[in-house]
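Asker: Quick check, what structure comes out for this input:
(2 chains)
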Amino acid sequence: MGVTEVVRGNDLLSSSPRQIWLQSLWGFSPPSYGHIPLLAAQDGRRLSKRDGDLDFGALRKNYHRPEPLVGLLGWLAGLLDRPEPASARELIPLFRWERLPFEDIFLPSALLEHLQKGSPLADLHLFNENM
Amino acid sequence: MTAQILCPASVKKALLLLQNAGYSAHAVGGCIRDSLMGREPHDWDITTSALPGEVRTVFAGLPVIPTGERHGTVTVLLDGDPLEITTYRTDGVYSDSRRPDFVSFTRSLTDDLSRRDFTINAMAWAPGEGIEDVNLRRWLRMLGKDAFFELLEVKRADNCAQNLEKSDLRPELDHLKRMAEEILSRGDCFSLDTLAVTGQDLMRHGIPAGRTVGFALEELLQQVIAGAVPNDREALLRRIAEQPPYLPPEYPRFPSFRIRTAVPEDLPAVTAFWFRLNRSFEQQAVNPCGWRNDFYPTEETARKAIAAGSLRLLENGGILAGTMVLGLDWDEGGEQGGANAPYFQSERTEIYRQYFSVLEEQKLLYPCFCSRAELHAAEAPHRSDGRFLYTGRCRGLTPDEIAERRKSRRPAARIRVPEKTVSFCDLHYGPHSSCAGQTAFSRTNLPPHWMMH
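Answerer: This next block holds a predicted model:
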């Protein structure tokens, strides 16, 4: 099959047994699976493409470059100690499974508004106390 | 102990020109070493994320000497000074120990620094940055304190063993070690968390909330790192009262990237673009151009969106560009190809058909005639996460019933999953064990061509 490792959102954790069973029917050896927490709004609602004003089109318009957003995600995931711009490649050496939380990551609504307004991400440590 | 960067005006100007054009640009190597040692630097090497062609564009109108463009170096004559500007790169093998056999360019400073001799040569500086901050903090954070000091020791031992007068790095390594120790002893310069003032403090002292507070804190942190002010609450508040925070520009943007609303003339370009990239984006479930989410980009929908003024395009130098989302790239597949081609779902139909027939032979499939509306009906059971469970309505249909329903509706295929416990160890959540069958009631996500006829 060629796939050796599957890393995806924890909403698919419960689908894995079924997929492993299917792979065994076809004679594939199953890949290793790693599931990661999802981003959620404060009320527990999962953030997804349905949050229209937070899609990549809007975020790109506000932030122009991926680095501020990748840095924000790295900070939320516990890889960086503050939301400073970083490229995905720069985060690779910082990645450890044990740094990731198990629970979904809740974004306070103030932070969502912050992103929708396109305010600079360097201000985000102000949310630290609330998170 | 703060190193001064005695940077010639032309070098600073070149760095700022590149940065203002949206690229990252740093002075690197020997000049930083000399500055650290308090000597006046002679060689100024500039390194940048801009590709050689892009460097030429930034310095358009100035004399440019293509020194070694194959290796990414362009020499620009700026205010009479020849400046060597090299694109960030990762090197291949050096067969003559001077020129690498091949290079590949990268947009990442970290990648570029990683190919350099550790520590001093792998130090970079750009206007507005403190030298310890950008370098020692980077190394300390990336490697950790212990590994950093260990590497310094290894390097020192290495240099001792070589016993070369000409390249005695030991004083520099010792200097670096003292600086790192000093940074660690201050204990306050790795993050804003340990700064003696908080954003709330500054707001109480009249700094406008939001952006200004963020940058004021950053600036104070930089000053603390540079040793210009002690990490003391009173001192910091005095400092901010004396020197109102400056408001830096927005994050630099690539000047050639532009987001604009599509006009009718764009239709051919849009459809051709989507024809090429649609498959790849679809597979990765990304939304690269801000398409509305229910928006399947075909020619017809593109035409409608243009008419409604709701289609926005991302352009790179006037060319319609779908760039990678969040700077994520992939090693294999997509447009790039690889050993397991084809990668596009639409080109794998024959492969899917083979595996489908395996399930068919094992009599694991049954036809389901439920419409989406029926599956999502109010009485359909929900899971805790809001997804719908399959009621199992079509699982027990008799051959006669199947034949009857087939007349009016094309069925989808469902898989009969046994009540079998499957265990695996998740890399993050650890051991996980559950019944394959219990999770299999929701609609199996078969591609459309898996419909049974």
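Asker: Out of the helices and strands in chain A, which is least certain?
Answerer: helix A:56-63 (a mean of 70; mean pLDDT, DSSP states H and E).
Asker: Can the helix or strand just after that one be said to contact chain B?
Answerer: For helix A:56-63, the following helix or strand on the C-terminal side (DSSP states H and E) is helix A:66-76. Yes: applying Cβ under 8 Å from any Cβ of the partner chain, one finds helix A:66-76 touching chain B at A:66-70, A:73. Heads up, the C-betas are built off the backbone N, CA and C, glycines and all.
Asker: Widest-spaced pair of the residues you listed?
Answerer: For the residues of helix A:66-76 next to chain B, the maximum inter-member distance is 10.8 Å, found between A:67 and A:73 (Cβ to Cβ).
Asker: which residues of chain A fall in strands?
Answerer: Secondary structure of chain A (DSSP state E): strands at A:5-9, A:32-36, A:39-41, A:105-107.
Asker: typo on my end, it should be the stretch 351-453 of chain B
Answerer: With strands called from DSSP state E, counting those that start in this stretch, the stretch 351-453 of chain B shows them at B:365-368, B:412-415, B:421-426, B:430-435.
Asker: Select, out of the strands of chain A, the one closest to chain B.
Answerer: strand A:32-36 (3.3 Å; Cβ to the nearest Cβ).
Asker: In PDB, could you pull the C-alpha coordinates for the closest one?
Answerer: Provided in PDB are the C-alpha atoms of strand A:32-36 (Å, rounded to 0.1, in the frame of the first residue of the first chain):
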ATOM      1  CA  SER A  32       0.900   3.200  12.400                       C
ATOM      2  CA  TYR A  33      -1.700   5.700  13.400                       C
ATOM      3  CA  GLY A  34      -1.300   8.900  15.300                       C
ATOM      4  CA  HIS A  35      -4.300  11.000  16.200                       C
ATOM      5  CA  ILE A  36      -4.100  14.600  17.200                       C
END
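Asker: Next one, pLDDT for residue B:304 please.
Answerer: Looking at residue B:304, its pLDDT stands at 75.
Asker: What is the end-to-end distance of stretch B:202-215?
Answerer: Between the start and the finish of stretch B:202-215 there is a gap of 11 Å, counting by Cα to Cα, to the nearest Å.
Asker: quick one: the closest residue to residue B:51 other than its chain neighbours and residue A:91, what's the gap?
Answerer: Nearest non-adjacent residue to residue B:51, counting by Cβ to Cβ, 6 or more residues apart in numbering or on different chains: residue B:87, 5.5 Å away. From residue B:87 over to residue A:91 the distance is 22 Å, taken as Cβ to Cβ, to the nearest Å.
Asker: now the strands of chain A in CSV, with mean pLDDT?
Answerer: Below are the strands of chain A laid out as CSV (pLDDT from 0 to 100):
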stretch, mean pLDDT
strand A:5-9, 92
strand A:32-36, 92
strand A:39-41, 81
strand A:105-107, 82
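Asker: ok, residue B:87 and residue A:91, which is more surrounded?
Answerer: residue B:87 (24 against 16; other Cβ atoms under 10 Å in any protein chain shown).
Asker: in the sheet, who's paired with the more buried one?
Answerer: Assessed by DSSP bridges, residue B:87 has beta-bridge partners residue B:48.
Asker: Was I right to think it contacts residue B:69?
Answerer: No: using Cβ atoms under 8 Å, residue B:87 is not in contact with residue B:69; the gap is 9.2 Å.
Asker: could you pull out the helices for chain A?
Answerer: Ranges of helices within chain A are A:16-25, A:56-63, A:66-76, A:88-91, A:109-117, based on DSSP state H.
Asker: of all these, which has the lowest average per-residue confidence?
Answerer: Note on the helices of chain A: helix A:56-63 shows the lowest mean pLDDT, a mean of 70.
Asker: Can you work out which other helices and strands pack against the helix or strand harbouring residue B:221?
Answerer: Here residue B:221 sits within helix B:211-225, counting by DSSP H and E. If you count contacts as 3 or more Cβ pairs under 8 Å, 6 or more residues apart in numbering or on different chains; DSSP states H and E, helix B:211-225 packs onto helix B:199-204, helix B:233-242.
Asker: For residue B:83, give me the backbone phi and psi.
Answerer: phi -120, psi 130 (degrees, to the nearest 10).
Asker: How many neighbouring residues does the residue of the stretch 351-453 of chain B found nearest chain A have?
Answerer: As assessed by Cβ to the nearest Cβ, chain A sits closest to residue B:427 within the stretch 351-453 of chain B, at 3.3 Å. Close neighbours of residue B:427, defined as other Cβ under 10 Å, add up to 15.
Asker: Ok, the one 4 residues further on next?
Answerer: The burial count assigned to residue B:431 is 8, neighbours taken as other Cβ under 10 Å.
Asker: can you tell me which residues contact the closest residue to it other than its chain neighbours?
Answerer: Spatial nearest neighbour of residue B:431, excluding adjacent residues (Cβ to Cβ, 6+ apart): residue B:425 at 5.2 Å. By Cβ atoms under 8 Å, 6 or more residues apart in numbering or on different chains, residue B:425 lies in contact with A:32, B:431-432.
Asker: What segments of the stretch 51-200 of chain B are strands?
Answerer: Listed in chain order, the strands found in the stretch 51-200 of chain B under DSSP E, counting those that start in this stretch are B:64-68, B:73-78, B:81-87, B:89-91, B:103-105, B:124-125.
Asker: got JSON lines for those, with mean pLDDT and distance to residue B:54 too?
Answerer: Formatted as JSON lines, the strands of the stretch 51-200 of chain B follow (pLDDT from 0 to 100; distance: least, Cβ to Cβ, whole Å):
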{"stretch": "strand B:64-68", "mean pLDDT": "77", "distance to residue B:54": "12"}
{"stretch": "strand B:73-78", "mean pLDDT": "88", "distance to residue B:54": "10"}
{"stretch": "strand B:81-87", "mean pLDDT": "87", "distance to residue B:54": "8"}
{"stretch": "strand B:89-91", "mean pLDDT": "71", "distance to residue B:54": "14"}
{"stretch": "strand B:103-105", "mean pLDDT": "67", "distance to residue B:54": "10"}
{"stretch": "strand B:124-125", "mean pLDDT": "71", "distance to residue B:54": "19"}
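Asker: and among those, the most buried is which?
Answerer: Among these, strand B:124-125 has the highest mean neighbour count (mean count of other Cβ atoms under 10 Å in any protein chain shown), at a mean of 24.
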